[in-house]
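Chemist: only geometry, no sequence info:
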C-alpha cells in the first residue's frame, strides 16, 4: 500500500475537504447575512418617511403657538432622542420580533432543516437584517438632529448619553424580540403572537423594578408599624433604588440631566446582561426547535407507557354555533378564551394604575387622571384595529379569502365578524377604559367625549387602511398615500384648533376624518361587491 505524500495532490485535497477551515463558517455567515439584508427591502422606510415631516411640522407648530420663537437646540434634540427610542421599541416589536416565525413553524421546519443552515446563524442573520432596516429608518431623523445642532445649546454629554441609551434600547429590545420570535412556533398566528410576546416581555421586565420599588416603599413601613416602630427616611431612599434601575427611568434621567450619566453605572450594564441572557436563551431554543430527532416534532412516548394527559386541540374549543365566521376568527385563527388571559392581566394593571393616579391627585389641580383617562379611551380602538389586522392578514396568508368571497353570503359579513372577534378577545380592556373615562369625566366630560369620538373615527380609519393594505397585496404605495392624506388633513385641522374655538376645531376634525373614512369605505364596498370580477 502506498502512503500519502505531500506530492499527492488528490489525497491532500480530499483531506482538506474533510476538515474545512474555521473561516468557512464565518464566510457562510456573512454571505447569508448579506442575503437577508437584501431580502428586507427597507420595509420600515415608508412609515418613517411619513413620520419625520410630521415630527418636524409638529415641532414648529408647537414653537409658534406656545412660544412664538424656536426652542433651544438641546430641547429639540431631547425630543428627537425620545422619538428615536420609540422607533426602536416599536420597530423591534412590530418588525424584529417576527424574524424567524416562518422558520420555526411546524409546517416549514423540515424544509429549513434541509438547507443545513446552523440554527444560531439563522437566528442572528435574520434578526440583524431586521435591525439593519430599523437602524436605516431611524437615520431619517439625522437631518432634524443637524438642524437642532445649528440652533445651538447641544453638548457632548447629551449626544454621548443619548447614543448610549439608544444602543441599550436596541440591544434590550432585540433580546426580548429574539425570545418571542423563537417561542411562537405553535401559535395560530405566529407573527402577532411574537409581537405581543415581545411587548409583554418588555412590560414585565419594567414591572419587576416597579413592583420591587412599591414593595419596599409600602411593605417595609407597614411591617415597622406592626411592631410600633417608625420607618426612617432610608426606606424611601431604598425604594427609589429599584425604580432608578428601570430602563425607562434611566433613559428619562439621561435626557433631562445628561451630565449625570456614567458608563460605570451598574444600572446601565445590568440591562446589557439581561439582553445577552435573552439572546443566549433564544439561541438554545432555536437549536432545539430545529434539532433533527427520530420522533419528529411530536412529543415522544415510550412504548407501553400511557401518557397521563393527552391534549386534544379540537376538544378545547366550543362547537361551532350559528355564527361560523365569528367562531373561526376566535377559535381557529385566534387562541379562543386563552387569548383573553393576558389582556385581563394587562387590564388589571391598567385599572390599578388609573385608580392609583386618581387617589394621589384627588386634591391636586393637576390633570394627570384626566390625561390617563383620555389615553385609555384613545388606546381602545387602536388595540381592536391591530387585532383585526392580524385576523385579516391570516386569511390572506393562508389563501382563504378568495374562497370566502365565493360563498353565497354578504361579503361584508366576514369583515364585521373579524371586528367582533377582535373586540371579544380584547373585551377585558373595556373595564379600565370605562373606569378611566368615568374618572376623567369628573374633571372634564367634554374633553373625554371629544377624545372618544376622534379615537373611534381613527380606529375605523385604521381598520379601513388595513383592509386596503391586504386588498392591494401590501403594495408599497398604500402606506405613503394614506400618510400624505393624513398629513394634509392635519395641516387643514390645526388652524381651526389654533385660531378658532374648540368646537370649531372638533367639528373640522370630525368632518375631515369622516369624509376620508367614507371615501375609503365606498371603495372597499365596491371591491367586495366586484371581487370575483376583478
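Modeler: Happy to help now that I have it. Fair warning: this is a prediction, and the values are worked out from it, not measured in the lab. Numbering: from 1, shown residues only.
Chemist: Neighbours of the residue nearest to residue 282 when sequence neighbours are not counted, how many?
Modeler: Here the nearest residue to residue 282 in space, its sequence neighbours aside, is residue 178; by C-beta to C-beta, 6 or more residues apart in numbering that works out to 3.6 Å. C-beta: built from backbone N, CA, C; applies to glycine. Number of residues near residue 178 (other C-beta atoms under 10 Å) recorded here: 30.
Chemist: same question, residue 475
Modeler: Per other C-beta under 10 Å, the neighbour tally for residue 475 reads 11.
Chemist: circling back to that earlier point, gap between the residue nearest to residue 282 and residue 33?
Modeler: Counting by C-beta to C-beta, to the nearest Å, the separation of residue 178 from residue 33 is 15 Å.
Chemist: picking that back up, the residue nearest to residue 282 reaches residue 277, doesn't it?
Modeler: No: using C-beta atoms under 8 Å, residue 178 is not in contact with residue 277; the gap is 11.0 Å.
Chemist: low pLDDT regions in this structure?
Modeler: The chain contains residues with pLDDT under 70 at 1-25, 41-72, 186-188, 220-235, 292-317, 357, 359-368, 476, 479, 534.
Chemist: residue contacts, the spatially closest residue to residue 197 that is not a sequence neighbour?
Modeler: The shortest distance from residue 197 to any non-neighbouring residue, by C-beta to C-beta, 6+ apart, is to residue 180 (3.6 Å). Residue 180 makes contact with 97, 193-198, 201, according to C-beta atoms under 8 Å, 6 or more residues apart in numbering.
Chemist: tell me which element residue 180 is part of?
Modeler: Per DSSP states H and E: residue 180 is located in helix 156-182.
Chemist: The helix or strand following that helix - contacts with which helices or strands?
Modeler: Next helix or strand after helix 156-182 toward the C-terminus (DSSP H and E): helix 190-226. Here helix 190-226 touches helix 73-94, helix 156-182, helix 234-245, helix 247-256, helix 339-360, helix 368-397, going by 3 or more C-beta pairs under 8 Å, 6 or more residues apart in numbering; DSSP states H and E.
Chemist: Contacts for the fourth one next, please.
Modeler: It stands for helix 247-256. Contact with helix 247-256 is made by 78, 81-82, 85, 161-162, 164-165, 168-169, 172, 205-206, 209, 243-244, 260-261, 265, 267-268, 271, as judged by C-beta under 8 Å, 6+ apart.
Chemist: Just the buried ones from those residues?
Modeler: Buried members of those, counted by 16 or more other C-beta atoms under 10 Å: 78, 81, 85, 161-162, 164-165, 168-169, 172, 205, 209, 243, 261, 267-268, 271.
Chemist: List phi and psi for residue 411.
Modeler: Main-chain dihedrals, residue 411, degrees, to the nearest 10: phi -60, psi -10.
Chemist: Quick check: closest non-adjacent residue to it.
Modeler: The shortest distance from residue 411 to any non-neighbouring residue, by C-beta to C-beta, 6+ apart, is to residue 528 (3.9 Å).
Chemist: where does that neighbour land in three-state SS?
Modeler: helix (DSSP: H, G, I helix; E, B strand; the rest coil).
Chemist: Could you shift the numbering so residue one becomes 821, and keep it that way?
Modeler: Got it, the first residue is 821 from now on, which makes the last one we talked about residue 1348.
Chemist: Count the neighbours of it for me.
Modeler: By other C-beta under 10 Å, neighbour count at residue 1348 equals 16.
Chemist: Repeat that for residue 1094.
Modeler: Residue 1094: 17 neighbours (other C-beta under 10 Å).
Chemist: Confirm for me that it is in contact with residue 995.
Modeler: Yes: contact criterion C-beta under 8 Å: residue 1094 and residue 995 qualify, at 6.9 Å.
Chemist: Tell me how far the closest residue to residue 922 other than its chain neighbours lies from residue 1109.
Modeler: The shortest distance from residue 922 to any non-neighbouring residue, by C-beta to C-beta, 6+ apart, is to residue 928 (6.3 Å). Per C-beta to C-beta, residue 928 is found 11 Å from residue 1109.
Chemist: who's more crowded, those two?
Modeler: More crowded of residue 928 and residue 1109, by other C-beta under 10 Å: residue 1109, with 21 against 11.
Chemist: tell me the contacts of that one?
Modeler: Residue 1109 makes contact with 924, 929, 939, 1002, 1005, according to C-beta under 8 Å, 6+ apart.
Chemist: Adding distance to residue 1254 as columns, could you present those in CSV?
Modeler: Listed next are the contacts of residue 1109 as CSV, based on distance: C-beta to C-beta, whole Å:
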residue, distance to residue 1254
924, 39
929, 44
939, 46
1002, 37
1005, 37
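Chemist: Check which residues of whichever strand or helix holds residue 944 are buried.
Modeler: Element membership for residue 944, per DSSP H and E: helix 939-958. Neighbour counts over helix 939-958 (16+ other C-beta under 10 Å) mark 939-951, 953-955, 957-958 as buried.
Chemist: Check which helices and strands it sits against.
Modeler: Applying 3+ C-beta pairs under 8 Å, 6+ apart, one finds that helix 939-958 makes contact with helix 842-860, helix 865-886, helix 893-914, helix 976-1002, helix 1086-1109.
Chemist: Grab the longest helix from this protein for me.
Modeler: helix 1250-1291 (DSSP state H).
Chemist: which helices and strands sit right next to it?
Modeler: helix 1159-1180, helix 1188-1217, helix 1298-1319, helix 1322-1349.
Chemist: for those helices, which one sits closest to residue 967?
Modeler: helix 1298-1319 (19.0 Å; C-beta to C-beta).
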